[in-house]
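Chemist: Need the 3D shape of this:
(2 chains)
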There are 2 protein chains.
Amino acid sequence: MTTVTSTGLALDLLGRHRDRLEAAVSACATREFYAAFDESPSPRVYGETAAADGKAAYDAWLGTDFPLETPGASGTVATERSPFGIDLEVRYPRVTDVDALMAAAQRGMKGWRDAGPGGRTGVCLEILDRLHARVFELANAVQHTSGQAFVMAFQAGGAHALDRALEAIAYAHTEMTRTPATARWEKPGKHPLVMEKTFTVVPRGVALVVGCNTFPTWNSWPGLFASLVTGNPVVVKPHPGAVLPLAITVQVCREVLAEAGFDADLVTLAAEEPHDGLAAELAVRPEVRLVDFTGGNAFGDWLEEHATQAIVFTEKAGVNTVVVDSTDSFRAMCQNLAFSFSLYTGQMCTAPQNVYLPASGILTDEGVKSPAEVAEGIGAAFEKLLGDDARAVELLGGVVNGGVLERLYAAGERGEVLVPSREVTHPAYPDAVVRTPTLIGLDAGEDADVYEQECFGPVAYLISTSSTDVSIELFRDTVQRHGAMTASVYSTSDAVVGDMREAALDAGVALSENLLGGVFVNQSAAYSDFHGTGANPAANASYTDGAYVASRFRIIQSRRHV
Amino acid sequence: MTTVTSTGLALDLLGRHRDRLEAAVSACATREFYAAFDESPSPRVYGETAAADGKAAYDAWLGTDFPLETPGASGTVATERSPFGIDLEVRYPRVTDVDALMAAAQRGMKGWRDAGPGGRTGVCLEILDRLHARVFELANAVQHTSGQAFVMAFQAGGAHALDRALEAIAYAHTEMTRTPATARWEKPGKHPLVMEKTFTVVPRGVALVVGCNTFPTWNSWPGLFASLVTGNPVVVKPHPGAVLPLAITVQVCREVLAEAGFDADLVTLAAEEPHDGLAAELAVRPEVRLVDFTGGNAFGDWLEEHATQAIVFTEKAGVNTVVVDSTDSFRAMCQNLAFSFSLYTGQMCTAPQNVYLPASGILTDEGVKSPAEVAEGIGAAFEKLLGDDARAVELLGGVVNGGVLERLYAAGERGEVLVPSREVTHPAYPDAVVRTPTLIGLDAGEDADVYEQECFGPVAYLISTSSTDVSIELFRDTVQRHGAMTASVYSTSDAVVGDMREAALDAGVALSENLLGGVFVNQSAAYSDFHGTGANPAANASYTDGAYVASRFRIIQSRRHV
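Modeler: Sure, this is the predicted structure:
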């Protein structure tokens, strides 16, 4: 009776992690601050040897065959090069037989289904715990695939990603358990009817998770765990440039599943050569009923249109917008914006791109500032943040791929270069490709073809409009048509902020107002901030709301007279 | 300030109906018995004149122009003929300008959004109350469009439909309010970060509801109210054969919306000539973001594939299955099955069709019964239920359209006629088309091409298999491939019932076990039984679970430092 034993083990795991689950469920409901995983990589938190041990564990993978069994694989691929200038040369099984992969993925479904919501939740929470134990190793893996600086990789790729995963598990657990496992139904009357009913959560089918290059864990884990905890086997198709963080993830998932008596093939890694087209092949397989995708619009839109046999959750791209009207803290505003442009070289789906401001200037605590003066202010903030190479690289990280560089070079030809980009030399990695952001001046009326497109990377546009009203209208219109993951406004006027809130509701994008301190528009906090809204073309889903989990399983009932 | 007033009025309505909402929310969570609307059309419940008044109100519509304004309409259509033999000759505005309809539908979205979850819920609950006040009129309208007998039309088309609508509203209200409207987020640290956050429910866009001929209210109201209460304007496209019940519905919606200060065009009726193809045109409009459809597989599958800009909820068709293994109440079993075959002439998406039983016979309290003897038993039960024409018509109702008759005639050529259909004369409606069900004997091995297709109407197949194990395997296989809305099993063996439960989980269909009394497989109770599972090809959605409501709206947040 493997199943009974497995379910028992799984429920033990739930018992072990129940407090964490309950805290997460509660935080999702109140949207108050919560973090289950400490974001500080300090030795005081994680111990004196944690950082070195994690680095050593990461280093040990380089140039090796990563020890994962993937059904349907033959041969290996080694596709990763660190933006800091190192070829990883880690070899992963290359999937060539999708039939075999699908068959293997489905083999353990029944046992996993029978573990029930509680058992599956226990196993998934244990996986998070094991991933947390390897968080420094993961941080190095994220750093050297995405190009994030180490501390960011530790936070966004480690602790925060774990919290986003826990959030998804918490939402799914709430959703699965809102219907009782059994119920007694008694219809009154002359001859009362009494029925006993049983409600069972069943999976949809195979889930596909398509990872991205820049946030291999943060953007993949919510979908991975939402699908897994609801009973679905998960095939993880990493970006060829960022395999290792997900290989480690899959390794941990398989290890915990097997230890608890479930089929390890419930989670598999489907690695490929860059042009194998594996994601497109997998996404339209009849066995695949759930797809989670993070990446560019072209393939995201293709998935939404073609993978009609599945429910498709996409996070694509848009034109993130800042409307600047006025501020009572000009320097803090410039500092905040400069930080948002610089963080990870603007290679975030949440990084601001289009800054609309009146050509006549904005009212500030330092007087009226023209667009040129605002550019100067931001330039000065860049200088402060990024003037020193050794400090700059800790904020910028590395340029993730050649496409980003090409867009950066081309941007200067599309408008007036208000602040030029500069090459930064990494003190530790001489081959690292590091650049500061550029600020390009555009005109709202003439340059729509430029600023209506996403320019992913260290390029921001300062766009002169005829008034703040026009800025807000441009914001509403461009986001409705082209999408956005984030928006922000700077204004000392309640009326302007109110208009901007209205426009944000119309455009379907989250709004940050007058950020001046330690919160940045491109950051979102698990359990409190929704990431993406699903209400504009940049994403059809959100981390994490009810819609993100509710359709990943179904309820099957049976009923009988008592 | 129309909006403020409207929202205030709407919240007053919520206050008026709050007890009902809370009772419904609670019943959905416990799955215990609940009914907000009395299913008995008795004068003791509804008053001495209610039935006559309702009939008179219905009669008054015949031959008239139904007083509805539909934007984008020109001219009228009159497309309804009662299965009881009367042309209704009610004229409805015919939609010819979809652009105008879309523009009008969207005009009131902002005010409706701003009413908030509470205000919208109040308005929708008031609409249900007003529909309830017209329940006898609606019952007549349902009777003379669907062909349901009066009591069934009152129950399924009136009281039960209202409960399904309330259920959908309750689920949506729970979903919309699980995220607080505001939250305070405080991140501890050396410099604590404190943010105030606002969360606003926003609609997806225009919702399209495509009604069916047989259950114009029961199958349309859940989607209509789920979409409306979450903030979306709703375009109701009725089946040309069953317009009046939805015209009354739309009239009531518009009346209540307008009284509360909202735009009446938030709910519109889009009537058409039978071959206008309006549903297909509407379903792929970019403004349309939600589609609810009940009807045949061909168009349902088409919608799932082509309306990729929308979220599509379908209830289509399948092969509902009964596995008969053994029983300790042969007569009660035959009676129960015969009732399920007869109710509304088998014209229910939940009516059983395929009865699998061993060719060697089943063990019963009356000894072993061969398939021929089971057919005899069911035939005897038909005789008891339907032997008297005047009583028979109250169970059978009328044949809804010519397609049903054609399938009935053709069925006899596809197998052995074990029980023939018979023409029934309606005592009150001489032109009514009324037929009893036929029972056709098939062989599991030879006749798969017959029983693997839905034969909507009064046709049931008694299918001989080599054993109950084979019956269960056939059930699992045919439902996985062709879908089913219902399944049931008769067995005195715990092992067989257990196997059948497993098969039902695998096939993704709800199971009824050993129904012998006053509960029938084709009936489902709001708040307790899920209708459809979304886990097999017969439907991609369920009335009502979290997935049915969660994706009908999105949450937009804003945040600011405190």
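Chemist: Leaving out sequence neighbours, find the closest residue to the residue in the stretch 101-250 of chain A that chain B sits nearest to.
Modeler: Chain B sits closest to A:Ala183 of the stretch 101-250 of chain A, with a gap of 3.7 Å, by CB to the nearest CB. From N, CA and C alone the C-beta is placed, and that goes for glycine too. Nearest residue to A:Ala183, sequence neighbours excluded (CB to CB, 6 or more residues apart in numbering or on different chains): B:Arg31, at 3.7 Å.
Chemist: contacting residues around the one you found?
Modeler: Shown in contact with B:Arg31 (CB atoms under 8 Å, 6 or more residues apart in numbering or on different chains): A:Thr179, A:Pro180, A:Ala183, A:Trp185, A:Lys197, A:Phe199, B:Tyr527, B:Ser528.
Chemist: one more time with 7 Å
Modeler: A:Thr179, A:Pro180, A:Ala183, A:Trp185, A:Lys197, B:Tyr527, B:Ser528 (CB atoms under 7 Å, 6 or more residues apart in numbering or on different chains).
Chemist: Any chance of the backbone angles for the fourth one?
Modeler: Right, A:Trp185. Torsion angles at A:Trp185 (phi, psi; degrees, to the nearest 10) stand at phi -120, psi 120.
Chemist: neighbours around it, how many?
Modeler: If you count neighbours by other CB atoms under 10 Å in any protein chain shown, A:Trp185 ends up with 22.
Chemist: next one: the last one
Modeler: If you count neighbours by other CB under 10 Å, B:Ser528 ends up with 23.
Chemist: and if you look at the third one?
Modeler: The burial metric for A:Ala183, expressed as a neighbour count using other CB under 10 Å, is 19.
Chemist: do the second one as well
Modeler: Counted with other CB under 10 Å, residues neighbouring A:Pro180 total 14.
Chemist: host element of it?
Modeler: Per DSSP states H and E, A:Pro180 falls between elements, in no helix or strand.
Chemist: ok, now how distant is it from B:Glu502?
Modeler: Between A:Pro180 and B:Glu502 the distance, using CB to CB, to the nearest Å, works out to 21 Å.
Chemist: ok now do the residue of the stretch 101-250 of chain A closest to chain B, which residues does it touch?
Modeler: Counted by CB under 7 Å, 6+ apart, A:Ala183 has contacts A:Lys197, B:Thr30, B:Arg31, B:Glu32, B:Ser528.
Chemist: so what's the residue nearest to A:Val562 when sequence neighbours are not counted up against?
Modeler: Using CB to CB, 6+ apart and skipping residues adjacent in sequence, the residue nearest A:Val562 is A:Val194, 4.4 Å away. Counting by CB under 7 Å, 6+ apart, A:Val194 touches A:Glu186, A:His561, A:Val562.
Chemist: which SS state does A:Val194 fall under?
Modeler: strand (DSSP: H, G, I helix; E, B strand; the rest coil).
Chemist: Just the pLDDT for it.
Modeler: If you check A:Val194, the pLDDT there is 97.
Chemist: Identify the single longest helix in chain A, thanks.
Modeler: Secondary structure of chain A per DSSP state H: the longest helix is helix A:2-30.
Chemist: Buried by neighbour count: which residues of the helix or strand just after that helix qualify?
Modeler: Using DSSP H and E, the helix or strand that follows helix A:2-30 in sequence is helix A:43-46. For helix A:43-46, the neighbour count (16 or more other CB atoms under 10 Å in any protein chain shown) marks A:Tyr46 as buried.
Chemist: what is the mean pLDDT for helix A:43-46?
Modeler: Helix A:43-46 comes out at a mean pLDDT of 97.
Chemist: And the contacts of that helix?
Modeler: By CB under 7 Å, 6+ apart, helix A:43-46 touches A:Asp38, A:Ala50, A:Ala51.
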